[in-house]
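In: Below: sequence and its predicted model.
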Number of protein chains: 2
Amino acid sequence: MPKEASGQDMATPLSETKKAHSEPADQGRFRITPDVDDPRLTAPVTGVDHEGKPADIRVPTERPLTIFLNRQEIVTAMTIADYPDYLAVGYLLNQRMLTPEDRITGIDYDEDIDTVVVRTDRETDFEEKMKKRTQTSGCAQGTVFGDLMDHLDEVRLPDDAVVKTSWIYALSRQINQQPSLYLTAGAIHGCVLCEEDRPVAYMEDVGRHNAVDKIAGWMHLEGVTPRAKMFYTTGRLTSEMVIKTVQMGIPVLISRSGFTAWGVELAKETGLTLIGRAKGKRFVCVSGAERLVFDADPATAMDEPEHMRRKGSRGG
Amino acid sequence: MPKEASGQDMATPLSETKKAHSEPADQGRFRITPDVDDPRLTAPVTGVDHEGKPADIRVPTERPLTIFLNRQEIVTAMTIADYPDYLAVGYLLNQRMLTPEDRITGIDYDEDIDTVVVRTDRETDFEEKMKKRTQTSGCAQGTVFGDLMDHLDEVRLPDDAVVKTSWIYALSRQINQQPSLYLTAGAIHGCVLCEEDRPVAYMEDVGRHNAVDKIAGWMHLEGVTPRAKMFYTTGRLTSEMVIKTVQMGIPVLISRSGFTAWGVELAKETGLTLIGRAKGKRFVCVSGAERLVFDADPATAMDEPEHMRRKGSRGG
């Protein structure tokens, strides 16, 4: 437990606490994005290239961030640490350690000791839950505590959501053109919360699970509902990604990358619209295709030119 | 604890236990590979494509596998489960729950209840260690228990290892041309243990950490030393990948993908040769470049033709 929080019993209204992150000046059409100009998010590295010449590159940073819920240490995540408050809250929500009804009384980020403490007015204790761990296969969540799966069938995804194919093409184009840490430094995952043909919130992280959790935390703290939203990810559509998306109440999940069998199965069980291998004009929808509206002529959706091609993650 | 193991106190010599996996008939030059023809490793999925037409694709399976060490449940991994014995042993070794000196007296895989039990003649108890969890940022390890980092500086990587640039090109070519679950079903990570210009062991998994652990388990059970070996991965070069490679005693780590800053830092501290962004003739070596021997003319290393291009993982 970090010193700053252990002696602190007074609840501070969240609105009075300082935000634990800075935000980039220009976010384009997005309401929130990584700050690609923040020098703390990437680091210069000097190496040698294939010809033996010096090579100066930038790479994403990767820092430990230990998340506490009240007095309890929950987990240490490896992250670029640009939005520790959203990450912590999103992580706790997605693990069901925090419920949407909980009143968050404070979020304290201490950059020097790499900790973030989320405080609630309700007593919390997750010793038992934390004993049961599942390592997920995604590109990183890593750990799903305890009983996450048990609650999936309680979630009701909205029936009235639609996905126009023109939106899929418009979103891919905008996301590909957005300045990103990926374009600056590579080796990073991205997630985008979208509404119709508009990208709304963009998060990147060295751990894909962190990018997802940061979106979840942002939605919760900013009061953004999952209704009529779509979730776009650069990573694979594994069971973990499906569970998280359903958990967040978002009815549509889209990726440039491929599927795992259990991810597909869970999507079908929960009624999630699951779209993968979305590159250029192509995609495959393996679940919830009844939400699709084919309003675009694929011939008009250009194949991606080489220079702006983002890799679908082989792994994810 | 699975029934099969709980009542079992007699140590069975490993040589007498049945192997917990089958092996493919033709592995080419590799000593071990995934069995791309095994119908349990991929599943058919029917969806609709971008034109609204039915699309039949194959996707990798993803199954829970709970690993026990003696009487203790350690973790549940999501895996394609092709080599549960190698995965369990490699996982325990890489978490330092099993040491190279431990005598493994049996490995029991029960496919019906998705468990694998590794038994040793030494009593083991890792309750304390398991309390401290770090979620890694890689494309999946997820969890590094306890004190892994503390032991890194005890590891001595061999000084006399060299890496010829001709080997890097030869390995990329062979690995790209090898039949793989990736080419069949996508959405999967691959790792290859290599010696000079020869790929030796190839493992794929929906969790990248699993592919690494399967290689570690195979090396241990088959008595393959890390000496003069190189490790090739399709995923990102994060701290987790560097830690695992160093932990396995392998002096060289190569990837098509990029780096994280902490991965680079740890590689420098431990004297690991770290080579990333290796595609076609290009690569960048950011640590341990003194092991490089530039014996190939990059101009003769062809750029990869489009159809055989494997994506470097954006995420990993």
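Out: Everything's here; your move.

In: Do a quick rundown of the helices in the stretch 151-300 of chain A.
Out: For the stretch 151-300 of chain A, helices defined by DSSP state H, counting those that start in this stretch occupy the ranges A:165-177, A:181-185, A:208-222, A:239-247, A:261-270.

In: Looking at these, which is nearest to chain B?
Out: Across the helices of the stretch 151-300 of chain A, chain B has its closest neighbour in helix A:261-270 (4.0 Å, C-beta to the nearest C-beta). Yep, even glycine has a C-beta here, placed from its N, CA and C like the rest.

In: tell me the secondary structure for the residue lying closest to A:F126 once chain neighbours are set aside?
Out: Distance criterion C-beta to C-beta, 6 or more residues apart in numbering or on different chains; nearest residue to A:F126, sequence neighbours excluded, is A:M97 at 5.4 Å. When classified by DSSP: H, G, I helix; E, B strand; the rest coil, A:M97 comes out as coil.

In: Pull up the gap between A:M97 and chain B, please.
Out: Distance of A:M97 to chain B, given as C-beta to the nearest C-beta, to the nearest Å: 14 Å.

In: these two touch, right, that residue and A:L69?
Out: Yes: with contact defined as C-beta atoms under 8 Å, A:M97 reaches A:L69; the gap is 5.8 Å.

In: list residues touching both of the two?
Out: A:124, A:126 (C-beta atoms under 8 Å, 6 or more residues apart in numbering or on different chains).

In: Pull the contacting residues for the nearest residue to A:Y232 once chain neighbours are set aside.
Out: In this structure, A:Y232 finds its nearest non-sequential neighbour in A:V192, 4.2 Å apart by C-beta to C-beta, 6+ apart. Each residue near A:V192 by C-beta under 8 Å, 6+ apart is listed here: A:171, A:175, A:199-203, A:231-233.

In: Apply 6 Å and report the result again.
Out: A:175, A:199, A:202, A:232 (C-beta atoms under 6 Å, 6 or more residues apart in numbering or on different chains).

In: which of those residues tops the neighbour count?
Out: In terms of neighbours by other C-beta atoms under 10 Å in any protein chain shown, these top out with A:Y202 at 27 neighbours.

In: Tell me the pLDDT of that residue.
Out: Note for A:Y202: predicted pLDDT of 97.

In: in terms of contact, does it touch A:T33 like I think?
Out: Yes: between A:Y202 and A:T33 there is a contact under C-beta atoms under 6 Å: 4.4 Å.

In: Can you flag which of the contacts of A:V192 belong to strands?
Out: Those of these mapping onto strands are A:199, A:202, A:232, per DSSP state E.

In: Out of those, the closest to chain B would be?
Out: A:Y232 (13.2 Å).

In: The closest one: what's it in contact with?
Out: Contacts of A:Y232 (C-beta under 6 Å, 6+ apart): A:192, A:194, A:254.

In: same question, A:V246
Out: A:152, A:155, A:270, A:272.

In: State the number of residues packed around the third one.
Out: Think A:T270. Using other C-beta under 10 Å, A:T270 has 21 neighbouring residues.

In: Next, format the ones in strands among the contacts of A:V192 as CSV and append distance to A:H220.
Out: Formatted as CSV, the ones in strands among the contacts of A:V192 follow (distance: C-beta to C-beta, whole Å):
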residue, distance to A:H220
A:P199, 19
A:Y202, 17
A:Y232, 19
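
In: Count residues in the vicinity of the nearest residue to A:S166 once chain neighbours are set aside, would you?
Out: Leaving aside its sequence neighbours, A:S166 sits nearest to A:A296 (C-beta to C-beta, 6+ apart; 3.9 Å). Look at A:A296: counted by other C-beta under 10 Å, it has 17 neighbours.

In: Then A:A170?
Out: 18.

In: do the same with A:D110
Out: Per other C-beta under 10 Å, the neighbour tally for A:D110 reads 16.

In: partner residues bridging it?
Out: Beta bridges link A:D110 to A:T115, judged by DSSP bridges.

In: how much space is there between it and chain B?
Out: Counting by C-beta to the nearest C-beta, the gap from A:D110 to chain B is 18 Å.

In: how close does A:Q177 sit to A:D37?
Out: Distance of A:Q177 to A:D37, given as C-beta to C-beta, to the nearest Å: 17 Å.

In: swap that for A:V264, sorry
Out: 39 Å.

In: So which of these two has more stuff around it?
Out: Taking neighbours as other C-beta under 10 Å, A:V264 and A:D37 compare with A:V264 leading, 26 against 12.

In: Give me the pLDDT value at that one.
Out: pLDDT, the model's per-residue confidence, is 97 for A:V264.

In: Then A:Q8?
Out: pLDDT recorded at A:Q8 is 36.

In: cool, A:H151 as well?
Out: 74.

In: Also A:D125?
Out: 73.

In: got the contact list for it?
Out: Counting by C-beta under 6 Å, 6+ apart, A:D125 makes contact with nothing.

In: Assign a three-state SS to it, would you?
Out: coil.

In: any idea how far it is from chain B?
Out: Counting by C-beta to the nearest C-beta, the gap from A:D125 to chain B is 15 Å.

In: just the strands in the stretch 51-200 of chain A please.
Out: Secondary structure of the stretch 51-200 of chain A (DSSP state E, counting those that start in this stretch): strands at A:54-60, A:63-69, A:72-79, A:104-110, A:115-120, A:133-135, A:143-145, A:163-164, A:189-195, A:198-205.

In: Any stretches of chain A with poor pLDDT?
Out: A:1-18, A:26-28, A:127-150, A:302-316 (pLDDT under 70).

In: now the strands of the stretch 51-200 of chain A as CSV including distance to A:A20?
Out: Formatted as CSV, the strands of the stretch 51-200 of chain A follow (distance: least, C-beta to C-beta, whole Å):
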stretch, distance to A:A20
strand A:54-60, 20
strand A:63-69, 11
strand A:72-79, 13
strand A:104-110, 3
strand A:115-120, 7
strand A:133-135, 27
strand A:143-145, 23
strand A:163-164, 34
strand A:189-195, 19
strand A:198-205, 15
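
In: so which of these comes closest to A:A301?
Out: Taking C-beta to C-beta, strand A:163-164 is the member of the strands of the stretch 51-200 of chain A nearest to A:A301, at 12.2 Å.

In: A:L98 and A:L92 touch, don't they?
Out: Yes: between A:L98 and A:L92 there is a contact under C-beta under 6 Å: 3.9 Å.

In: neighbour count winner among the two?
Out: Remark: of A:L98 and A:L92, A:L92 carries more neighbours, 27 against 22, as counted by other C-beta under 10 Å.

In: which residues does that one contact?
Out: Counted by C-beta under 6 Å, 6+ apart, A:L92 has contacts A:69, A:98.

In: My guess is A:E204 contacts A:V36. True?
Out: No: distance between A:E204 and A:V36: 9.0 Å, which falls outside the contact criterion (C-beta under 6 Å).

In: And the two? Which one has more around it.
Out: A:E204 (27 against 18).

In: hang on, the earlier thing: mind checking which of the strands of the stretch 51-200 of chain A is nearest B:D108?
Out: B:D108 lies closest to strand A:133-135 among the strands of the stretch 51-200 of chain A, at 20.3 Å (C-beta to C-beta).

In: Mean neighbour count, the helices of the stretch 151-300 of chain A: which tops it?
Out: Of all the helices of the stretch 151-300 of chain A, helix A:239-247 has the most neighbours on average by mean count of other C-beta atoms under 10 Å in any protein chain shown, namely a mean of 28.

In: could I get stretch A:212-221 in PDB with only the CA atoms?
Out: What follows is stretch A:212-221 as a C-alpha-only set of coordinates in PDB (Å, rounded to 0.1, in the frame of the first residue of the first chain):
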ATOM      1  CA  VAL A 212      -9.400  -2.100 -23.600                       C
ATOM      2  CA  ASP A 213      -9.400  -1.300 -19.900                       C
ATOM      3  CA  LYS A 214      -8.500   2.300 -20.500                       C
ATOM      4  CA  ILE A 215     -11.500   2.700 -22.800                       C
ATOM      5  CA  ALA A 216     -13.700   1.000 -20.200                       C
ATOM      6  CA  GLY A 217     -12.500   3.400 -17.500                       C
ATOM      7  CA  TRP A 218     -12.900   6.400 -19.700                       C
ATOM      8  CA  MET A 219     -16.500   5.400 -20.600                       C
ATOM      9  CA  HIS A 220     -17.300   5.000 -16.900                       C
ATOM     10  CA  LEU A 221     -15.700   8.200 -15.700                       C
END
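
In: Right, I'll call it a day here.
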